[in-house]
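Trainee: Quick one: sequence and predicted model below, then my questions.
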Amino acid sequence: MALLDWITPGDGLRLQGEGIEIRPPRPSDFPEWRDLRESSRSFLQPWEPTWPEDDLTRSAWRRRLASYARDIDLGLAYPFLVFRKDDGALTGGITLSNIRRGVAQMGTVGYWCGAPYTRQGLTLAAVRTLSSFAFRSLALHRLEAACIPQNAPSRRLLSQAGFQEEGHAQAYLKINGEWRDHVLFGLIGPPHRAASPEGSLGA
């Protein structure tokens, strides 16, 4: 099966990975998303920004989807939910955001995994799938990611996905109400073969 699987525009973009499928969120995903986030709150909150009081409400979900649609339309970000192929269960989310063009050609990868689905290789597969999409379909040159130094599973996951540890940033992001240091990671895409100039000698 091909890694990238484009389907009809009305159904959106689907990306196929090892044991997983990722696609943009839909209105109908709200109940499953809410239940997974709520049941995983204590597991996720130490590693995420503070959740707004109405974060798990349907009205907040509608605002979230509207923001996602604008970002996708402008090419600024591509948010996805992660589903297990075996049974279609929602396992988490992954986003390619802060896409910069021009001389940068880069974006930032962020992800979360519901507590019942950790240590099963599903998020790793999602990161690899998103990375391939970023390099092959969006023609980005570089991906960045960051995690709190104490988050050993995330550091290990990024290394397994091919990211290189590049440095340490002080008070980098406000996580769970506090400015936290982060370890910075980078991944460079495969080199792109330059097109041969028309009429070049030796053709």
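Mentor: Yep, it's here.
Trainee: quick one: contacts for the closest residue to Arg84 other than its chain neighbours?
Mentor: Nearest-residue entry for Arg84: Thr91, 5.4 Å, with adjacent residues in sequence omitted and distances by Cβ to Cβ, 6 or more residues apart in numbering. The way it works is simple: take the backbone N, C-alpha and C, and place the C-beta from them, glycine included. Remark: with contacts taken as Cβ atoms under 8 Å, 6 or more residues apart in numbering, Thr91 is in contact with 20, 36, 82-84, 113-114, 117, 120, 122-123.
Trainee: SS state for Thr91?
Mentor: Look at Thr91: counting by DSSP: H, G, I helix; E, B strand; the rest coil, its state is strand.
Trainee: again, but for Phe185
Mentor: Local secondary structure at Phe185 is given as strand here, using three-state DSSP.
Trainee: Against Phe43, how distant is Arg34?
Mentor: In this structure, Arg34 and Phe43 are 15 Å apart, going by Cβ to Cβ, to the nearest Å.
Trainee: ditto for Leu13
Mentor: Taking Cβ to Cβ as the measure, Leu13 and Phe43 are separated by 28 Å.
Trainee: ok, and what's touching stretch 98-106?
Mentor: The set of residues that contact stretch 98-106 without belonging to it, under Cβ under 8 Å, 6+ apart, is 75-78, 107-108, 138-144.
Trainee: Pull out the buried residues from it.
Mentor: Using 16 or more other Cβ atoms under 10 Å as the burial criterion, the residues of stretch 98-106 that qualify are 99, 106.
Trainee: Can you give me the end-to-end span of it?
Mentor: End-to-end distance for stretch 98-106, by Cα to Cα, to the nearest Å: 8 Å.
Trainee: and the residue lying closest to Glu32 once chain neighbours are set aside, what is it in contact with?
Mentor: Nearest non-adjacent residue to Glu32, counting by Cβ to Cβ, 6+ apart: Leu90, 4.7 Å away. By Cβ under 8 Å, 6+ apart, the contact set of Leu90 is 29, 32-33, 36, 81-83, 114.
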